[in-house]
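# take a look and give me a structure for this.
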Amino acid sequence: MVDVQNHADDRCVPIDQVGVSNLRYPIVVLDRANQKQPTVASLSMSVNLPHHFKGTHMSRFVEVLNEHRGEVTMFTLPAILDGLRSRLQAESARIEVRFPYFLERVAPVSGARALMGYDCSFIGEASEAGEDFVLGVRIPVTSLCPCSKAISDYGAHNQRGHVTIEVRGGQNGGTGPELIWIEELVEVAERSASAPVFALLKREDERFVTMQAYDNPAFVEDIVRNAALILRVDERITWFRVHAENQESIHNHDAFAQVEWARI
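Sure thing, here's the model as predicted:
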């Protein structure tokens, strides 16, 4: 049959990325407490396309993914990326894996347990220049406004916010990237905010969390700075970006702050 994708193109315009997106696929990721956790991801896979090729072979993206079905982590993404480059005869390949990850959270006083979901991502790239892997986690938190607390006769306004932490890890003695757990980034975000957010709270827990937030007021600026101080001393991390955003409770806008850092 005629292979139109392999026909020559005379417009002399190389394409940086071409591929498939919004591909839902079952995967298994590493879980600190239970070793592995099954989930369903939304994937985007792409390669570069030299100027002289008319198109790429979209079916081959799914073929490569099927060949590597199973665990998707910082340790397995290089094999998938190599497979994409080889099968599609490309110089570079990129894959984005976005998925929900669930942790069992324990309420601070009652001990009530419930699962809580976090939006996570793996982004991997490979080319002749090397490989790159970024882990991202979006964590809900509570923040209480320091200004509101300082100027009010009683109480202070608070709100739910989200902290997104993205990190790159160094190489572990040439055996691959350093392992950084999703759970660790959740802990960093919660330590940096006024209080954590829980899936299930009883009345005694609500009292505890409310007072915890009141005792730890934090602007979005405080949250990203607190997280940065924790992440900078982690020798496994070579780069990070922290983005905090508050869904303001008394303003008709949201507030955000972001900090990015790389180890020199």
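# helices of the stretch 1-150 of the chain, start to end?
Under the criterion DSSP state H, counting those that start in this stretch, the stretch 1-150 of the chain contains helices at 59-67, 77-87, 146-151.
# just the CA trace of the least confident helix or strand in the chain by mean pLDDT, in PDB.
Of all helical and strand segments in the chain, the minimum by mean pLDDT, DSSP states H and E falls on helix 59-67, at a mean of 90. Extracted in PDB, the C-alpha atoms of helix 59-67 (Å, rounded to 0.1, in the frame of the first residue of the first chain):
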ATOM      1  CA  SER A  59       0.100   4.200  14.900                       C
ATOM      2  CA  ARG A  60       3.700   3.500  15.900                       C
ATOM      3  CA  PHE A  61       3.300   5.600  19.000                       C
ATOM      4  CA  VAL A  62       0.700   3.200  20.400                       C
ATOM      5  CA  GLU A  63       2.700   0.200  19.200                       C
ATOM      6  CA  VAL A  64       5.700   1.400  21.200                       C
ATOM      7  CA  LEU A  65       3.600   2.000  24.300                       C
ATOM      8  CA  ASN A  66       2.100  -1.400  24.100                       C
ATOM      9  CA  GLU A  67       5.600  -3.000  23.900                       C
END
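# coming back round to it: now the helices of the stretch 1-150 of the chain in TSV, with mean neighbour count?
The way it works is simple: take the backbone N, C-alpha and C, and place the C-beta from them, glycine included. Formatted as TSV, those follow (neighbours: other Cβ atoms under 10 Å):
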stretch	mean neighbour count
helix 59-67	16
helix 77-87	19
helix 146-151	13
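# do you know which of those helices lies nearest D222?
For D222, the closest of the helices of the stretch 1-150 of the chain is helix 146-151, at 7.5 Å, according to Cβ to Cβ.
# packing partners for the next helix or strand after the closest one?
Later in the chain than helix 146-151, the nearest helix or strand by DSSP states H and E is strand 158-169. With contacts taken as 3 or more Cβ pairs under 8 Å, 6 or more residues apart in numbering; DSSP states H and E, strand 158-169 sits against strand 130-144, helix 182-192, helix 220-232, strand 237-246.
# okay, these in a markdown table with mean neighbour count next?
Output for those, formatted as a markdown table (neighbours: other Cβ under 10 Å):
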| stretch | mean neighbour count |
| --- | --- |
| strand 130-144 | 21 |
| helix 182-192 | 21 |
| helix 220-232 | 19 |
| strand 237-246 | 22 |
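# make a markdown table from these and add distance to R105 and mean pLDDT to it.
As requested, the helices and strands packed on strand 158-169 are exported to a markdown table (distance: least, Cβ to Cβ, whole Å; pLDDT from 0 to 100):
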| stretch | distance to R105 | mean pLDDT |
| --- | --- | --- |
| strand 130-144 | 11 | 96 |
| helix 182-192 | 9 | 98 |
| helix 220-232 | 19 | 98 |
| strand 237-246 | 20 | 97 |
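# can I get the ones you listed in a markdown table with distance to F61?
A markdown table is the format used below for the helices and strands packed on strand 158-169 (distance: least, Cβ to Cβ, whole Å):
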| stretch | distance to F61 |
| --- | --- |
| strand 130-144 | 18 |
| helix 182-192 | 26 |
| helix 220-232 | 33 |
| strand 237-246 | 27 |
